[in-house]
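S.K.: what's the 3D shape of this:
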Amino acid sequence: MRTHRIRIAAAAAATAAVLSLTACQGSGGGTRDEGRASSPATATPTTQAPAATPTSAPAPAPAPTDTDASGSKSTSPQGTAEAPAPGKNNGKGKGEGGGKNTTGTPNTADTADRPCDASAVRVVYSPLSRPLNHAMLTVTNTGRTACSAYHAPVLRLDDGQAAVAVDRGSKPQAVVTLFPGESAYAAMILSAADGSGNHGRTSKKLTVWFAPRDDAGSAGGPAVLELPAGTYTDSTTRVTYWQSSMEDALS
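M.R.: Numbering: from 1, shown residues only. Below is the predicted model of the structure:
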């Protein structure tokens, strides 16, 4: 019985001690646990891996470029043929599609066979002091395409029916082809220097026709020239073939 009372008393004392400790902690007078942090724990920052940069497909290689003489560049797909240069026939001859090109510039091969005519030339008559009784005919291509001065000029003095005779010994080795701006020459022997000619007269007008390639008739219309006053002609008047220079015409 005594022992039971001692146990109850001990239990009551223990309970009182617990209540006393709890009251002290509630009033702020208890001890502080130094092992516990007084502020919230700081989170350890985490590092995110950078987002992968998307890779792009390599840019296609540029098409081949050609640089012309002016420094400009033109781009064309591979396998595209170049347009032919002006004045060329792309390697094709007559009868093989080479008659025309795509540049708008006529080919020499197409136009050189065309006989010169008065519609695209200028004809000048010039009397000469040496040799005596000589004059020079100069024909200049004023057109935009080449032409050929075939054979000798076909001349008529005033209203004569017969053409002036041609000096057959003056025939050149090749036909004279005139590109735009170029000239050909033919010399006229107006009268015999020793006075041996017949039917002498003073001529006032000279009509100049151009011969075709086959030398039959004339090509195109004529050029009509007024002769200087006192131009004397006779039965020995003649003209040379067209030549490429004055020296050849006079020789």
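S.K.: Now stretch 215-228: average pLDDT?
M.R.: For stretch 215-228, mean pLDDT rounds to 92.
S.K.: go on, stretch 234-241?
M.R.: Mean pLDDT, computed over stretch 234-241, is 96.
S.K.: For this protein, give me the ranges with low pLDDT.
M.R.: For the chain, applying pLDDT under 70 flags the ranges 1-112.
S.K.: can you give me the helices in it?
M.R.: Along the chain, the stretches classed as helices by DSSP state H are 2-26, 108-111, 246-250.
S.K.: name the helices or strands packed onto the last one?
M.R.: What it means is helix 246-250. Helices and strands touching helix 246-250, by 3 or more Cβ pairs under 8 Å, 6 or more residues apart in numbering; DSSP states H and E, are strand 134-141, strand 183-189. Placement of C-beta: from N, CA and C, glycine included.
S.K.: Give me the residues contacting stretch 235-249.
M.R.: With Cβ atoms under 8 Å, 6 or more residues apart in numbering as the test, stretch 235-249 has contacts from 136-137, 139, 149-153, 155, 157, 164-167, 170-172, 176, 184-192, 196-200.
S.K.: and the gap between L225 and A193?
M.R.: Distance, L225 to A193, using Cβ to Cβ, to the nearest Å: 23 Å.
S.K.: which one of the helices and strands packed on helix 246-250 is the most hemmed in?
M.R.: Most buried of the helices and strands packed on helix 246-250, by mean neighbour count (mean count of other Cβ atoms under 10 Å): strand 183-189, with a mean of 23.
S.K.: now the angle between strand 134-141 and it, please.
M.R.: For strand 183-189 against strand 134-141, the angle by axes from the mean of the first three to the mean of the last three Cα atoms, to 10 degrees is 160 degrees.
S.K.: Give the other helices and strands that strand 183-189 contacts.
M.R.: Packing partners of strand 183-189 (3+ Cβ pairs under 8 Å, 6+ apart): strand 134-141, strand 147-157, strand 238-239, helix 246-250.
S.K.: With distance to A219 added, can I get these in a markdown table?
M.R.: What follows is these, written out as a markdown table (distance: least, Cβ to Cβ, whole Å):
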| stretch | distance to A219 |
| --- | --- |
| strand 134-141 | 12 |
| strand 147-157 | 8 |
| strand 238-239 | 17 |
| helix 246-250 | 20 |
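S.K.: Out of those, which gets nearest to A216?
M.R.: Each of these has some distance to A216 by Cβ to Cβ; the shortest is strand 147-157, at 10.3 Å.
S.K.: between the closest one and strand 134-141, how big is the angle?
M.R.: Here the directions of strand 147-157 and strand 134-141 differ by 140 degrees (the same axes, to 10 degrees).
S.K.: Dump the C-alpha coordinates for strand 147-157 into CSV.
M.R.: Only the C-alpha atoms of strand 147-157 are listed here, as CSV (Å, rounded to 0.1, in the frame of the first residue of the first chain):
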residue,chain,number,x,y,z
CYS,A,147,28.4,44.0,-150.1
SER,A,148,30.7,43.0,-152.9
ALA,A,149,31.9,45.3,-155.7
TYR,A,150,31.8,42.7,-158.5
HIS,A,151,33.7,43.1,-161.8
ALA,A,152,34.0,46.7,-163.2
PRO,A,153,31.5,49.6,-162.9
VAL,A,154,29.1,49.8,-165.8
LEU,A,155,29.4,53.4,-167.1
ARG,A,156,27.5,55.5,-169.5
LEU,A,157,28.4,59.0,-170.6
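S.K.: Using neighbour counts, pick out the buried residues of that strand.
M.R.: Residues of strand 147-157 classed as buried by neighbour count (16 or more other Cβ atoms under 10 Å): C147, S148, A149, Y150, H151, A152, P153, V154, L155, R156, L157.
S.K.: for it, packing partners?
M.R.: Helices and strands touching strand 147-157, by 3+ Cβ pairs under 8 Å, 6+ apart, are strand 134-141, strand 176-178, strand 183-189, strand 201-211, strand 238-239.
S.K.: Which among those strands is found nearest to Y232?
M.R.: strand 201-211 (5.9 Å).
S.K.: Right, I'll call it a day here.
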